[in-house]
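Asks: all I have is the shape, not the residue letters:
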Ligand SMILES: Nc1ncnc2c1ncn2[C@@H]1O[C@H](COP(=O)(O)OP(=O)(O)OP(=O)(O)O)[C@@H](O)[C@H]1O
Ligand SMILES: [Mg+2]
């Protein structure tokens, strides 16, 4: 998408906040005078029984961003999203959507926010189109005279127009997910919040939902999309926020997440012990040795310098390369690894 590029927008949890996104392309709601589509401060939820599911979260979602809200199962994503939308009350903290305070100004702002959280209750015996018809009719702000146009446009946007007459119960999981997204698109929106829209989908379905989200974003709509898998949303996100046991452990552009991956230098050599000695003497730390290679944290050192010192010390260098951890590695490092949910 063309807005909120990495070069122009950075919203970070560590204090380095730069500008937000570009102004709305079509001039909608510019009067809000706020470059953040979602902003929370100290957002906290303690459930009865004492569990703190969300703990002091400060989300900053620039307008025009596709914000990947990531974290493992139980890390507090859905609870946060429910608080954003006013579905549950925070124990503490503040929420602002499109520059308006929630829940105080919810009547004014929620019409501009589409959401998919736990999916709307669809009727299994009714067709996709009829189901959207029921939801549309329940929206008091929607003009009944234009319902059909609106519904078909939403179905078309998610690629369900051809299956509009099929009963909901005969829909595949992917089609059900698309219908849920269509429901969030019945009205023109400035912000769309999707809680795990790719949950349970096969790789093809996941790709389709990704393309759908990209299309929504290309229309200038800010998207907040949660997932427990970075790989599922990484390609479409301009920004990410990473949750771990109720806390936001990273927030910023995807470029900043990548930049966090400290570069390592990897030397291929037949003289591993000597190479280790030289690297250690140069201050390269966190050394790891394999049968034919040694690697370590490069830090501020120039790889050329390291190469020269190795050669000068008589170490045969068969290859020298720089390696950066993958985004997935970084994600695991941030969120912890393991099968058990943490609480
Ligand atoms: N209504 C509730 N009452 C008590 N605890 C709750 C309630 N809803 C959620 N929790 C707890 O809050 C924590 C966060 O749950 P939440 O659903 O927000 O996580 P999540 O990140 O959305 O997980 P998932 O990826 O599995 O959807 C969990 O430990 C969960 O058990
Ligand atoms: Mg959830």
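Replies: Right, received. Where do you want to start? Please read these numbers as outputs of a predicted model, since none were measured by experiment. Ligands and ions are numbered 1, 2, ... in the order given.
Asks: chain neighbours aside, what residue packs nearest to residue 97?
Replies: Of all residues beyond its chain neighbours, the one nearest residue 97 is residue 109 (5.0 Å), with distances taken as Cβ to Cβ, 6 or more residues apart in numbering. (Each C-beta comes from the backbone N, C-alpha and C, glycine too.)
Asks: so after whichever strand or helix holds that neighbour, what's the next helix or strand?
Replies: Per DSSP states H and E, residue 109 falls inside helix 106-109. Beyond helix 106-109 in the direction of the C-terminus, DSSP H and E gives the next helix or strand as strand 113-116.
Asks: how far off centre is the helix or strand just after that following strand?
Replies: Downstream of strand 113-116, the next assigned helix or strand under DSSP H and E is helix 128-138. How far helix 128-138 lies from its chain's middle: 29 Å, per Cα atoms, centre = their mean, to the nearest Å.
Asks: which neighbouring elements make contact with helix 128-138?
Replies: With contacts defined as 3 or more Cβ pairs under 8 Å, 6 or more residues apart in numbering; DSSP states H and E, the packing partners of helix 128-138 are helix 147-157, helix 173-184.
Asks: give me the angle between the last one and helix 147-157.
Replies: Relative orientation of helix 173-184 with respect to helix 147-157: 140 degrees, computed using axes from the mean of the first three to the mean of the last three Cα atoms, to 10 degrees.
Asks: ok, residue 296 to ligand 2 distance?
Replies: Relative to ligand 2, residue 296 is positioned 39 Å away (criterion: Cβ to the ion, to the nearest Å).
Asks: so that residue is in which element?
Replies: Taking DSSP H and E as the definition, residue 296 sits inside strand 293-297.
Asks: pLDDT on that strand, on average?
Replies: Predicted confidence along strand 293-297 averages 93 (mean pLDDT).
Asks: so how far is that strand from its chain's centroid?
Replies: Using Cα atoms, centre = their mean, the distance between the centre of strand 293-297 and that of its chain works out at 32 Å.
Asks: next one: stretch 236-256
Replies: For stretch 236-256, the distance to the chain centre is 7 Å (Cα atoms, centre = their mean).
Asks: quick one: mean pLDDT for it?
Replies: Averaging pLDDT residue by residue across stretch 236-256 gives 93.
Asks: endpoints of it, how far apart?
Replies: Taking Cα to Cα, to the nearest Å, the span from the opening residue of stretch 236-256 to its closing residue is 15 Å.
Asks: in it, what counts as buried?
Replies: Under the neighbour-count criterion of 16 or more other Cβ atoms under 10 Å, stretch 236-256 has 236-254, 256 buried.
Asks: distance of the residue positioned nearest the centre of the chain relative to residue 80?
Replies: Centroid check for the chain by Cα atoms, centre = their mean gives residue 68 as the closest residue, at 0.5 Å. Distance, residue 68 to residue 80, by Cβ to Cβ, to the nearest Å: 13 Å.
Asks: in space, what's closest to the residue of the stretch 1-150 of the chain found nearest ligand 2 - neighbours in sequence excluded?
Replies: Nearest to ligand 2 in the stretch 1-150 of the chain, going by Cβ to the ion, is residue 78, at a distance of 3.1 Å. If the residues on either side of it in the chain are set aside, residue 78 comes closest to residue 195, at 5.6 Å by Cβ to Cβ, 6+ apart.
Asks: for the one you found, which residues are in contact?
Replies: If you count contacts by Cβ atoms under 8 Å, 6 or more residues apart in numbering, residue 195 has them with 77-78, 81, 115-118, 226.
Asks: angle of the longest helix along the chain against helix 173-184?
Replies: With DSSP state H applied, the helix covering the greatest number of residues in the chain is identified as helix 203-218. Orientation of helix 203-218 against helix 173-184 (the same axes, to 10 degrees) gives an angle of 20 degrees.
Asks: by contact count, what packs against helix 203-218?
Replies: By contact count (3+ Cβ pairs under 8 Å, 6+ apart), the secondary structure elements abutting helix 203-218 are strand 66-70, helix 147-157, helix 173-184, strand 222-227, helix 230-233.
Asks: so which of the ones you listed is nearest ligand 2?
Replies: strand 222-227 (6.7 Å).
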